[in-house]
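Enquirer: next input, structure requested:
(one chain, ligands or ions: 1)
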Amino acid sequence: MTGYLAPEGFETDLKTELGLMGIEILSQHGRLMLCKGEAQDVVFAQDTWLNVEILPYTSISHAAELLKARARRWSHFSLNNHRRAELILDKVPRAKIKRYDFLEEIPKTPIGVFSLLSDAEIIISPETTCPLPFGEIHFNEDKVNPPSRAYLKLWELFTLYGYKPAPGMKTIDVGSCPGGWTWVLQTVGTNVVSVDKAPLAPKIAALPNIEFKQESAFGLRPQHVGKLDWFFSDIICYPDKLLELVNRWRESGLVDNFACTIKFQQPTDFETMFKFKAIPNSRVVHLSCNKHEVTWIHTKEPIK
Ligand SMILES: C[S@@+](CC[C@H](N)C(=O)[O-])C[C@H]1O[C@@H](n2cnc3c(N)ncnc32)[C@H](O)[C@@H]1O
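Expert: Got it, this is the predicted structure:
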C-alpha cells in the first residue's frame, strides 16, 4: 500500500490525478490517500509514503517498538489521538524539523512517518520519498534583497531537488518582473537575460550580469538570444500557451535545461500537465511554495 499526501488545499487535485492514473484509493484520511499498489510518480503528492502498513498497537511503548523495528528517524503526521502520538514520538528518534538556509545540505537518511488512526490502530510508513517531513521545506528567508517571494520556488528547486545552473552559465528568465527569480539566478553566478512586459524592480535592474528586455516573451526568437544553459519561466499564461512557448525553445536546439511554473486556472488542466510530464527527461513537481501551479523541469541529461 502507498500513501499520497496532498499539499494543503489540494486534496481534490490529488484525487483527480490518482483517478486519471488509474490508482485506486482505498481510504482517505484528511489529505492523506492510502492507495493500492507500488508508489507512482504523482504530481499533487507533496510526499509519498512507501510500504504503508496499518497495524494494531496496545500501548505507547508497543507502538514505539513497532516504529523502532522499521526505521531510524520518525515524523508524526497528526490525524487522531494527537497527544498519544506525540508521546510515541518522544520514545523514538525523530526527524529534525528546522528552517534551512539556501543551498544548505539536506539530510539523506530516509525518514519514516506514522499516524494514529485510533487508540488501537497505527498507520506506519518506514520510508517516504522526500527526506524532509511531509515533503515540505521551510527556509530562513531573505526579507531584504528579493523584490518578491517567488524567489522561494527557485531556492527550493536548487536546495531540495538539486537542479541548479552552475556559475558562469547563461540563463533566461521569462515573466521575470519584479525580479525574484532573476535575483536568485544572478546570486548563483549566472548571466541572466531577464524578460518581462513590465519593468524590473530598480534595485534588481541595477545588479551586474543581468540583461533586461522589456517585451513579450511570446515574441522573442530563440535565435536572437543564442545558446542558453537554462530557460526559466514563471510567466502568467495558460498551460497550453506555455507548452507552445517551451516547444519553440526546445525545437530551436539552443537550450539545454528548463524549469517552468505551470500556472492553472480552475479547473486544473491535467491534460496539458501530463503532456509536460511525458516530455523525455522531465519531471513535474508541486513545490512547497507552489499554490495552484506546478513546476516542470526538463534536463539535457536523464533525470535520476
Ligand atoms: C508571477 S509574476 C513573476 C514573478 C517573478 N518570477 C519574480 O520572481 O519576481 C508573472 C509575470 O509574468 C509576466 N508576463 C505575463 N505575460 C507576459 C508576456 N507575454 N511576456 C513577458 N512577461 C509576461 C507578468 O508581467 C508578471 O510580471
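
Enquirer: contacts and neighbour counts: CA atoms only from here.
Expert: Will do.

Enquirer: quick one: low-confidence parts of the chain?
Expert: Low-confidence segments of the chain (pLDDT under 70): 303-304.

Enquirer: now do the SS call for the residue of it most remote from its centre.
Expert: Most distant residue from the mean C-alpha position of the chain: T58, 37.3 Å away (C-alpha atoms, centre = their mean). Under the three-state scheme (DSSP: H, G, I helix; E, B strand; the rest coil), T58 adopts coil.

Enquirer: so it versus L50, what's the distance?
Expert: As judged by C-alpha to C-alpha, to the nearest Å, T58 and L50 stand 24 Å apart.

Enquirer: equivalent analysis for A85, please.
Expert: Distance from A85 to L50, by C-alpha to C-alpha: 20 Å.

Enquirer: pairing partners for the closest residue to P133 other than its chain neighbours in the sheet, please.
Expert: Excluding its sequence neighbours, the residue lying closest to P133 (C-alpha to C-alpha, 6 or more residues apart in numbering) is S75, at 6.2 Å. Beta-bridge partners of S75, counted by DSSP bridges, are V113.

Enquirer: and S75, what does it touch?
Expert: The neighbours of S75, taking C-alpha atoms under 8 Å, 6 or more residues apart in numbering as the test, are 89, 94-95, 111-114, 133.

Enquirer: element containing T295, please.
Expert: Using DSSP states H and E, the element containing T295 is strand 293-298.

Enquirer: that strand pairs with which strands?
Expert: strand 255-263 (antiparallel), strand 282-285 (antiparallel).

Enquirer: using PDB, write out the CA atom coordinates for the shortest one.
Expert: Taking Å, rounded to 0.1, in the frame of the first residue of the first chain, the C-alpha atoms of strand 282-285 are listed here in PDB:
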ATOM      1  CA  SER A 282      11.200  15.600 -17.500                       C
ATOM      2  CA  ARG A 283       9.700  15.800 -14.000                       C
ATOM      3  CA  VAL A 284       6.700  17.700 -12.800                       C
ATOM      4  CA  VAL A 285       6.600  18.500  -9.100                       C
END
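
Enquirer: for the stretch 201-304 of the chain, what lies in contact range of the ligand?
Expert: For the stretch 201-304 of the chain, the contact set with the ligand under C-alpha under 6 Å from any ligand atom comprises 216-218, 234-236.

Enquirer: can you rerun that using 5 Å?
Expert: 216-217, 234-236 (C-alpha under 5 Å from any ligand atom).

Enquirer: residues from the stretch 51-200 of the chain in reach of the ligand?
Expert: The stretch 51-200 of the chain has residues 148, 150, 175-181, 196-197 near the ligand, with proximity defined as C-alpha under 5 Å from any ligand atom.

Enquirer: and those residues, which of them are buried?
Expert: The neighbour count (16 or more other C-alpha atoms under 10 Å) marks 150, 175-181, 196 as buried among those.

Enquirer: coming back round to it: for the strand holding T295, which outside residues touch it?
Expert: With C-alpha under 8 Å, 6+ apart as the test, strand 293-298 has contacts from 43, 257-264, 276-277, 279-287.

Enquirer: what's opposite the nearest residue to A259 once chain neighbours are set aside in the beta bridge?
Expert: Distance criterion C-alpha to C-alpha, 6+ apart; nearest residue to A259, sequence neighbours excluded, is I297 at 4.5 Å. Taking DSSP bridges as the rule, I297 bridges to A259, R283.

Enquirer: count of residues packed around I297?
Expert: 23 (other C-alpha atoms under 10 Å).

Enquirer: how much space between it and the ligand?
Expert: According to C-alpha to the nearest ligand atom, to the nearest Å, I297 and the ligand sit 15 Å apart.

Enquirer: kindly export stretch 257-273 (C-alpha atoms) in CSV.
Expert: The C-alpha coordinates for stretch 257-273 follow below in CSV (Å, rounded to 0.1, in the frame of the first residue of the first chain):
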residue,chain,number,x,y,z
ASN,A,257,17.6,22.7,-19.5
PHE,A,258,14.2,24.1,-18.4
ALA,A,259,12.4,25.0,-15.2
CYS,A,260,9.0,26.5,-15.6
THR,A,261,5.9,27.2,-13.5
ILE,A,262,2.7,25.8,-15.0
LYS,A,263,0.0,28.0,-13.6
PHE,A,264,-3.5,26.7,-13.6
GLN,A,265,-7.0,28.3,-13.7
GLN,A,266,-10.0,26.4,-12.5
PRO,A,267,-10.3,23.5,-13.3
THR,A,268,-6.7,22.2,-13.3
ASP,A,269,-5.6,21.4,-16.8
PHE,A,270,-4.4,17.9,-16.2
GLU,A,271,-4.3,17.1,-20.0
THR,A,272,-1.5,19.7,-20.5
MET,A,273,0.2,18.8,-17.3
